[in-house]
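> need a structure here:
(2 chains)
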Amino acid sequence: ILNVEQSPQSLHVQEGDSTNFTCSFPSSNFYALHWYRWETAKSPEALFVMTLNGDEKKKGRISATLNTKEGYSYLYIKGSQPEDSATYLCAYRGGSYIPTFGRGTSLIVHP
Amino acid sequence: GAGVSQSPSNKVTEKGKDVELRCDPISGHTALYWYRQSLGQGLEFLIYFQGNSAPDKSGLPSDRFSAERTGGSVSTLTIQRTQQEDSAVYLCASSLVAVGNTIYFGEGSWLTVV
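Predicted structure coming up:
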């Protein structure tokens, strides 16, 4: 059983705050790490696919880093807005084409 | 369509009935995945199809669950003799096969067994 852990489980921040979450995964047999944003009643939205150690990716106010040697990825949101409220999921692909998902971090941004 | 399409969006069924959930992946995507999320749980892998290869069924929770993919495109997930613990959102996703490619999800089929 692959262990993909996300922390924190939930997070409440004020509008304008910057925040970050962690995804930890096995450091062996790494293929790729995916980040998704999932709003209720919508499809999970792909944010990043990261494949190389040291990768840093950015999409607007959201960015992510990857450390495959130690098995973690950080997702950062700069200047959180209420529309950023969602569950953020990471998924690890190692030795398999089948992604294993973490349980997600639920973010609520208060106006 | 441009994205992954799933139907029905919502389904309420009586315990013991069979249900079929349909997924229409993005055109040209050879990889197709089914996941589900039950209340309070994470996304749970069910089954994976890749081209004409035998599907990876290792995630199916019981023999009441089955899935097929016809012509390398549309997939149907069938749950026989539904139980209350089958209540969940069932998500389908598709991608090109290489591991660095994005996996695109549908909006899910929300199943409630009463």
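> near chain A, which residues of chain B show up?
Chain B comes close to chain A at residues B:3-4, B:31, B:33, B:35, B:41-43, B:45, B:48, B:50, B:56, B:59, B:91, B:97, B:99-108, as judged by Cβ under 8 Å from any Cβ of the partner chain. For glycine as for every other residue, the C-beta is placed from the backbone atoms N, C-alpha and C.
> show the pLDDT at residue 14.
Just so you know, I chose chain A. Looking at A:Gln14, its pLDDT reads 97.
> try again with chain B
97.
> grab the nearest non-local neighbour of it.
Distances taken as Cβ to Cβ, 6 or more residues apart in numbering or on different chains put B:Val114 closest to B:Glu14, at 6.1 Å, once the chain neighbours are dropped.
> so who does the one you found touch?
Contacts for B:Val114 (Cβ atoms under 8 Å, 6 or more residues apart in numbering or on different chains) come out as B:Val12, B:Thr13, B:Glu14, B:Lys15, B:Gln84.
> out of these, which is nearest to B:Arg64?
Nearest to B:Arg64 among the contacts of B:Val114: B:Lys15, at 12.0 Å, using Cβ to Cβ.
> pull up the gap between that closest one and B:Phe105, please.
Here the criterion is Cβ to Cβ, to the nearest Å. By it, B:Lys15 lies 28 Å from B:Phe105.
> neighbour count for those two, which is higher?
B:Phe105 (23 against 11; other Cβ atoms under 10 Å in any protein chain shown).
> report the beta-bridge partners for the more buried one.
Beta-bridge partners for B:Phe105, by DSSP bridges, are B:Ala93.
> and if you look at the one 5 residues further on?
Beta-bridge pairing of B:Trp110 under DSSP bridges involves B:Asn10, B:Val89.
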